[in-house]
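1. whatever this is, show me its structure:
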Amino acid sequence: MSPDRKPIISPPSSSSSDTKINVLVRAQTGGELIFKVKLSTQFSKVASAFCKARGVDVKTVRFLSDRGQRLMGESTIEQLELDMEDDEDGVPTIYVDALSEQIGG
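-> Okay, the predicted model is just below:
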């Protein structure tokens, strides 16, 4: 394990989906937005909020997990089974990359 990466932790051990986590969305242009959401939140809400904040159409952005898995649809954060890491404050955080769709050749 490299010194830059923190160990992957398992999801919070709460039996309910009311546990709040951070979803850090990294834009292709270098910016980041952090959303504090419940595990029961649909990922489409995070995607819509990111696109609204950036002023882009949600249809032109692709979201990928750290493992390269494409994230979309009405699945909840919990159902997507993404890797969580603790941030510097000890809050469970999921990292997602937002890539602009390329049109043309």
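
2. only C-alpha atoms for contact and neighbour calcs from this point on.
-> Noted.

3. which SS class is residue 45?
-> Under DSSP: H, G, I helix; E, B strand; the rest coil, the three-state class of residue 45 is helix.

4. let's see the pLDDT reported for it.
-> With respect to pLDDT, residue 45 has a value of 95.

5. between the two ends of stretch 29-47, how far is it?
-> Length of stretch 29-47, first residue to last, CA to CA, to the nearest Å: 16 Å.

6. next: stretch 66-78.
-> First-to-last distance for stretch 66-78 - CA to CA - comes to 15 Å.

7. same deal with stretch 77-95?
-> End to end - CA to CA - stretch 77-95 spans 12 Å.

8. kindly report the same for stretch 56-68.
-> First-to-last residue span, stretch 56-68, CA to CA: 22 Å.

9. can you list the residues that contact that stretch?
-> With CA atoms under 8 Å, 6 or more residues apart in numbering as the test, stretch 56-68 has contacts from 47-48, 51, 70-72, 82-83, 95-101.

10. can you turn the buried part of those residues into a PyMOL selection?
-> Buried subset of the contacts of stretch 56-68, written as a PyMOL selection, criterion 16 or more other CA atoms under 10 Å:
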select buried, resi 47+51+71+82+83+95+96+97+98
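
11. the contacts of stretch 56-68 in strands, which ones?
-> Among these, the members found in strands (DSSP state E) are 70, 71, 95, 96, 97, 98, 99, 100.

12. give me the next element, helix or strand, following the host helix or strand of residue 24.
-> Taking DSSP states H and E as the definition, residue 24 sits inside strand 20-27. Sequence-wise, the next helix or strand downstream of strand 20-27 (DSSP H and E) is strand 32-38.

13. need the contact partners of that next one.
-> 17-26, 46, 50, 77.

14. make a ChimeraX selection of the buried ones in those.
-> Per 16+ other CA under 10 Å, the buried members of these correspond to this ChimeraX selection:
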select :20,21,22,23,24,25,26,46,50,77
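
15. still on that earlier bit, biggest separation within the contacts of stretch 56-68, which pair?
-> 83 and 101 (24.2 Å; CA to CA).
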